[in-house]
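1. Structure here, sequence nowhere to be found:
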């Protein structure tokens, strides 16, 4: 190889490593493993901190904004694309998004996932303490949202816990939370002045969040974490629209992080909906369910879960599971928590 061509090749190979130095506090390198050339991603699995504010998006090199990670915030680099041009990042809360290796530091954003100023609500009403579930927890911005102490019980099944400016404007909302009809807790964000929104006892459409843990920074975004009526713990972000409705923000994937065992032989594929076989897992072998691709377009009657799985040798691949089928998922502890 001629010297100019060799130099260009070496420089191109070094660019991702040089670029990431502006993003992360540590050098990022894919872990050694058994992934083949057909594997969809390179596994990294490295904890570090953000060297600068990082804007994450729902797809590599494009997509919609997910969140902004503040400088010095802890994070985990989960994956890299095969060319190492993009990294999948999991925030400390559990949201996931992509960032280019050569990305510039993000400008200050009101969507920044900086919860250092939030306060945890205490005490929690006894009616929201549900046996067998994680403790019910609300975190709110005390400069914009105020607790109602003691909580006002709007009816026998719900409590008004917070009131204030949940959006970036001056509109006032009240937060009503309840245990749910079958141990599936929820919170509703309702107009503070409109006391008729729940006069009929029905949940307000488009204004409800299910979960056990919530974050309300008072900037028009809301966050929840739950396993109720899902197959795994799920971390979600919502945006409060001008009409008071809530819209979920699409992430790259839902993070799962379930370390488990194969209950039957499993073949992993290069694509969520097929592709080439990239790895095989024997019954009884250890595995980890890393991600759930819940945001890909699909038909209304498509009930498949697309799971990115890591085999015990480090191989990565996709498994499609029909969670409404007669056969349970061939993965220990990947089960629906709900009715």
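-> Good, I have the coordinates. These numbers come from a predicted model, not from an experiment.
2. make it CA atoms for all contacts and neighbour counts henceforth
-> Noted.
3. what's the closest non-adjacent residue to the residue most central in space within the chain?
-> Centroid check for the chain by CA atoms, centre = their mean gives residue 95 as the closest residue, at 3.1 Å. Counting by CA to CA, 6 or more residues apart in numbering, residue 235 is the residue found nearest to residue 95 once chain neighbours are left out, at 6.1 Å.
4. Could I get the contacting residues of that neighbour?
-> Taking CA atoms under 8 Å, 6 or more residues apart in numbering as the criterion, residue 235 is in contact with 93-95, 223-226, 254-255.
5. could you check the distance from it over to residue 273?
-> Between residue 235 and residue 273 the distance, using CA to CA, to the nearest Å, works out to 24 Å.
6. What's the mean pLDDT across the helix or strand where the residue nearest to residue 95 lies?
-> Per DSSP states H and E: residue 235 is located in strand 234-240. Averaging pLDDT along strand 234-240 gives 95.
7. And the contacts of the very next helix or strand once past that strand?
-> Proceeding N to C from strand 234-240, the next assigned helix or strand is strand 246-248, under DSSP H and E. Residues outside strand 246-248 that contact it (CA under 8 Å, 6+ apart): 206-208, 236-241.
8. Name the residues of strand 246-248 that are buried.
-> residue 246 (16 or more other CA atoms under 10 Å).
9. Now the very next helix or strand once past it: average pLDDT?
-> Of the helices and strands lying after strand 246-248 in sequence (DSSP H and E), the nearest is strand 254-261. Regarding strand 254-261, the rounded mean pLDDT is 97.
10. tell me what the helix or strand following strand 254-261 is packed against?
-> Per DSSP H and E, the first helix or strand lying C-terminal to strand 254-261 is strand 266-271. Where contact means 3 or more CA pairs under 8 Å, 6 or more residues apart in numbering; DSSP states H and E, strand 266-271 is packed against strand 274-281, strand 316-322.
11. So for residue 104, which of those strands sits nearest?
-> For the helices and strands packed on strand 266-271, the distance to residue 104 is smallest for strand 316-322, at 29.1 Å, taking CA to CA.
12. Would you map the helices across the chain?
-> Here the chain has its helices, by DSSP state H, at 3-20.
13. helices and strands of it: which one has the lowest mean pLDDT?
-> The helix or strand of the chain with the poorest confidence is helix 3-20; it has a mean of 48 (mean pLDDT, DSSP states H and E).
14. nearest spatial neighbour of residue 259, skipping sequence neighbours?
-> Spatially, and ignoring its direct neighbours in sequence, residue 259 is nearest to residue 288 (4.3 Å; CA to CA, 6+ apart).
15. list the contacts for the one you found?
-> Under the criterion of CA under 8 Å, 6+ apart, the neighbours of residue 288 are 257-261, 309-312.
16. Apply 10 Å and report the result again.
-> With contact set as CA atoms under 10 Å, 6 or more residues apart in numbering, residue 288 has these partners: 256-262, 308-312, 314, 316, 331.
17. for the residue nearest to residue 95, which residues make a bridge with it?
-> With DSSP bridges as the criterion, residue 235 is bridged to residue 225.
18. do you know how far the closest residue to residue 121 other than its chain neighbours is from residue 189?
-> Excluding the flanking residues, the one nearest residue 121 by CA to CA, 6+ apart is residue 138, at 5.5 Å. As judged by CA to CA, residue 138 and residue 189 stand 13 Å apart.
19. which residues are in contact with both of the two?
-> Contact criterion CA under 10 Å, 6+ apart; residues shared by residue 138 and residue 189: residue 162.
20. more crowded one of the two?
-> Higher neighbour count among residue 138 and residue 189: residue 189, with 24 against 20, using other CA atoms under 10 Å.
21. so the more buried one makes contact with residue 210?
-> No: the pair residue 189 and residue 210 does not pass the contact test of CA atoms under 10 Å, sitting 11.5 Å apart.
22. Can you check which residues contact both of the two?
-> Contacts common to residue 189 and residue 210, judged by CA under 10 Å, 6+ apart, are residue 177.
23. domain assignment for this structure?
-> 17-107, 119-248, 254-322 (the TED database).
24. Need the helices and strands packed on strand 266-271 in a markdown table (columns: mean pLDDT).
-> Below are these laid out as a markdown table (pLDDT from 0 to 100):
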| stretch | mean pLDDT |
| --- | --- |
| strand 274-281 | 91 |
| strand 316-322 | 93 |
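25. Most tightly packed of these?
-> The highest average neighbour count among these, using mean count of other CA atoms under 10 Å, belongs to strand 316-322 at a mean of 23.
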